[in-house]
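Chemist: Sequence plus predicted model, see below.
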Amino acid sequence: MRIGFIGLGNMGGPMAANLVKAGHDVAAFDMSKEAVERAVAAGARAHNSAADAAGDAEAVVTMLPAGQHVRQVYLGDNGLLKTAGKGALFIDSSTIDVATARDVHAAAKAARLDFVDAPVSGGVGGAAAGTLTFMVGGEEAAFGRAKPILEKMGKNIFHAGGAGNGQAAKICNNMLLAISMIGTCEAFVLAEKLGLDHETLFKISSTASGQCWSLTSYCPVPGPVPASPANRNYEPGFTASMMLKDLKLAQGAAQAAGAATPLGAEATALYTLFESAGVGARDFSGIIQLLRGNLRA
Ligand code: NAD
């Protein structure tokens, strides 16, 4: 299949490389020359603009930083929805606001083009290994067309419902994760003050009602889960800045939809404090250092 790939950064680069490995003919574009060079080294063909890369493609994947970039690439002067060939399928895997995703869906529908929002979780490691989770919003038929392509880059492909629901699923999940991580950190900090050691709390809570993924798979203190970032000085993993980006998207969506998310708001404030201390590049589980009051940049 001829696939256009636009946005070849930390995530898009390895995702495009997996499409090449699967035998697709990948036409690549990024504003960064170095990113395009890396994609060419992985077997993609270089193009000079997004419109050019998408030109005669049967499917186009975009993996861009934020909503404004997606808006520009799809809806701008020389935007993909204006220049696309008939019948092309568009997959946006960037993490962006629900409103922009729904605007692009509406514009694609008006142009009679298939579009899905398909944000991912799994990080750079998952992108390289081809084990990402995709949360997809869009019509059933468009999902059906996108699935075999997404399966070359990921392991779990979920249809989350209509336009924008992929983005909705992603921010709801990450807001829950931030809240559960902060809760887990607070429990360990309180245990430290009370003289209860980490291993004992872990053993009890991981089989009791406090059990959650932040505790048993990504424990924020060193020891109980050897693979967690706490064991390597909170090297990411998933950076606190990325988590803050997703929390801000969740807060924006909550305000627009009239949903009360008081703990999501508190989590956003705590990660903002963490980032303002100059340590946003640390893993998000490092928030325990802020709660202990021993954060050092
Ligand atoms: P990145 O900054 O490494 O890559 C983005 C790329 O897009 C850059 O190479 C940039 O040059 C390019 N770009 C920007 N505007 C462009 C335009 N108009 N035309 C063409 N190229 C353009 O970011 P990333 O880490 O690859 O993340 C991409 C998306 O995936 C983000 O929305 C992010 O939130 C999401 N995400 C990232 C991770 C992660 O761990 N890095 C995990 C899950 C989701």
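Modeler: Yep, that arrived.
Chemist: which residues touch N78?
Modeler: The contact partners of N78, taken as Cβ atoms under 8 Å, 6 or more residues apart in numbering, are S49, A50, A51. All C-beta atoms are positioned from the backbone trio N, CA, C, and that covers glycine.
Chemist: Any chance of those residues in CSV with neighbour count, distance to the ligand and pLDDT as columns?
Modeler: Formatted as CSV, those follow (neighbours: other Cβ atoms under 10 Å; distance: Cβ to the nearest ligand atom, whole Å; pLDDT from 0 to 100):
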residue, neighbour count, distance to the ligand, pLDDT
S49, 13, 8, 96
A50, 26, 5, 97
A51, 20, 10, 96
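Chemist: and which of those residues is nearest D117?
Modeler: Distance to D117 across the contacts of N78 (Cβ to Cβ) is lowest for A50, with 17.5 Å.
Chemist: that older thread, possible to save the contacts of N78 as JSON lines with secondary structure?
Modeler: JSON lines is the format used below for the contacts of N78 (DSSP: H, G, I helix; E, B strand; the rest coil):
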{"residue": "S49", "secondary structure": "coil"}
{"residue": "A50", "secondary structure": "helix"}
{"residue": "A51", "secondary structure": "helix"}
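Chemist: Closest one to L273 out of these, please.
Modeler: A50 (37.3 Å).
Chemist: dump the residue contacts of the closest one.
Modeler: Neighbouring residues of A50 by Cβ under 8 Å, 6+ apart: G4, I6, F29, V73, N78, L80.
Chemist: please redo it, this time with the cut-off set to 6 Å
Modeler: Applying Cβ atoms under 6 Å, 6 or more residues apart in numbering to A50 gives the contacts I6, F29, V73.
Chemist: give me the subset of the residues you listed touching the ligand.
Modeler: I6, F29, V73 (Cβ under 6 Å from any ligand atom).
Chemist: Make CSV from these and add distance to S206, pLDDT and neighbour count to it.
Modeler: Conversion of the ones next to the ligand among the contacts of A50 to CSV gives the following (distance: Cβ to Cβ, whole Å; pLDDT from 0 to 100; neighbours: other Cβ atoms under 10 Å):
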residue, distance to S206, pLDDT, neighbour count
I6, 43, 98, 29
F29, 46, 98, 26
V73, 44, 98, 24
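Chemist: So which of these sit within helices?
Modeler: Counting by DSSP state H, the members of the ones next to the ligand among the contacts of A50 that fall within helices are V73.
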